[in-house]
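Student: here are the coordinates; sequence isn't available:
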């Protein structure tokens, strides 16, 4: 087998989740690298359209695993790759990106509006102006991002059968909106619960420093369709870190804290709806967090050991409260409708009429 064929097999092995039964009718869709799925799909689609050629330089903003997905894909195709990030990028992740051949460009100063994410986008534009032939995957607004998750939805449905509730973290909007909307072609009554963190603008909170990384956003991505969600939860770092450790201790699933945040919310829902088949999206593995989330000394030093709320607090206004664990019945409304406290459309109220959700 030649090198390119071997790389293709490696990429294929990472793309789709493993479906792991947690308890009863509750499953985890566990990805080794979820962002490889949209990275691979976006570049394949762009190549078919002629937007990416053999010498095209791929330029993207990322501080996480979307960059790793792009680096794995470009290692296969040979395209040059420039990734624009900021100081929060994990050193080990950066080493992996560079080992795969990516150039990592670090933005040192945040933008006054939009923080590091806005500054990174400005740098992407600058890099693209300096290189003749470039393509930007633009995970936040490229419709090929959510379209990529048709494969994940198919894998979930084949492994589980009917899905009553899908729970997962929200960042670019691609994974939850894409997976939920594809599953609803078969299960239109399926409930979708989005998991965000405080001081993220995605569901109406003010932008600010977020201790919990890997979900949330400082800018509103075009791929986020708020009408996808029946319920939204905001989870703090303490809750997410403890749930991540609990997921490993109870089920031997070694994941990152975005998965832990989703597990916390999914377990809470499943306990109240034992007859529902609940699937929890777990986007990444835990190796980047061995010195933090999985290190009791680090947690103690940062006052995060054995802390966190065990039950969510219901809120009526998403702009209120910026700590702990809170939730709001979203009812498949737009962000404007929720901020104006408008009632859900009649069609949304009637969905799931044969089942009472708690």
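Tutor: Arrived safely. Source: prediction; values computed, not measured. Residues are numbered from 1 along each chain as shown.
Student: what about stretch 216-229, start to end distance?
Tutor: Stretch 216-229 has an end-to-end distance of 15 Å (CA to CA, to the nearest Å).
Student: which other residues reach that stretch?
Tutor: Contact partners of stretch 216-229, identified using CB atoms under 8 Å, 6 or more residues apart in numbering, comprise 114-118, 121, 139-143, 145-146, 170-174, 176-177, 180-181, 192-194, 196-197, 199-203, 207, 210, 330, 332-335, 338. All C-beta spots, glycine's among them, are computed from the backbone N, C-alpha and C.
Student: are any of those buried, and which?
Tutor: By neighbour count, with 16 or more other CB atoms under 10 Å, the contacts of stretch 216-229 hold 114-118, 121, 139-140, 142, 145-146, 170-174, 176-177, 180-181, 192-194, 196-197, 199-203, 207, 210, 330, 332-333, 335, 338 as buried.
Student: What strand or helix carries the closest residue to residue 109 other than its chain neighbours?
Tutor: Counting by CB to CB, 6 or more residues apart in numbering, residue 109 lies nearest to residue 119, which is 6.4 Å off, once chain neighbours are set aside. When elements are assigned from DSSP states H and E, residue 119 belongs to helix 115-130.
Student: Toward the C-terminus, what is the element adjacent to that helix?
Tutor: Immediately after helix 115-130, counting by DSSP H and E, sits strand 134-135.
Student: Give me the mean pLDDT for that next one.
Tutor: Averaged across strand 134-135, pLDDT comes to 98.
Student: List the strands paired with it, with their directions.
Tutor: strand 57-61 (parallel) (DSSP bridges).
Student: Measure how far the partner strand is from the centre of its chain, please.
Tutor: For strand 57-61, the gap between its own C-alpha mean and the chain's C-alpha mean amounts to 19 Å (CA atoms, centre = their mean, to the nearest Å).
Student: before we move on, what about stretch 126-145?
Tutor: For stretch 126-145, the distance to the chain centre is 20 Å (CA atoms, centre = their mean).
Student: one step back: next step: the contacts of stretch 216-229 restricted to strands.
Tutor: Applying DSSP state E to these, the entries found in strands are 192, 193, 194, 196.
Student: Residue 268: which of those residues is nearest?
Tutor: residue 193 (9.5 Å; CB to CB).
Student: Return the distance of that closest one relative to residue 261.
Tutor: As judged by CB to CB, to the nearest Å, residue 193 and residue 261 stand 11 Å apart.
Student: circling back to that earlier point, and the helix holding residue 119 with strand 57-61, angle?
Tutor: Relative orientation of helix 115-130 and strand 57-61, computed by axes from the mean of the first three to the mean of the last three CA atoms, to 10 degrees: 160 degrees.
Student: Quick one: list the elements packing against helix 115-130.
Tutor: With contacts defined as 3 or more CB pairs under 8 Å, 6 or more residues apart in numbering; DSSP states H and E, the packing partners of helix 115-130 are strand 57-61, strand 81-85.
Student: Strands along the protein, start to end?
Tutor: 18-23, 26-30, 57-61, 81-85, 103-106, 134-135, 165-169, 191-196, 231-235, 278-282, 313-314, 325-329.
Student: tell me which residues in the fourth one are buried?
Tutor: Of the residues in strand 81-85, those scored as buried under the neighbour-count criterion (16+ other CB under 10 Å) are 81, 82, 83, 84, 85.
Student: which neighbours does it have in its sheet, and in what orientation?
Tutor: For strand 81-85, the pairing partners within the sheet under DSSP bridges are strand 57-61 (parallel), strand 103-106 (parallel).
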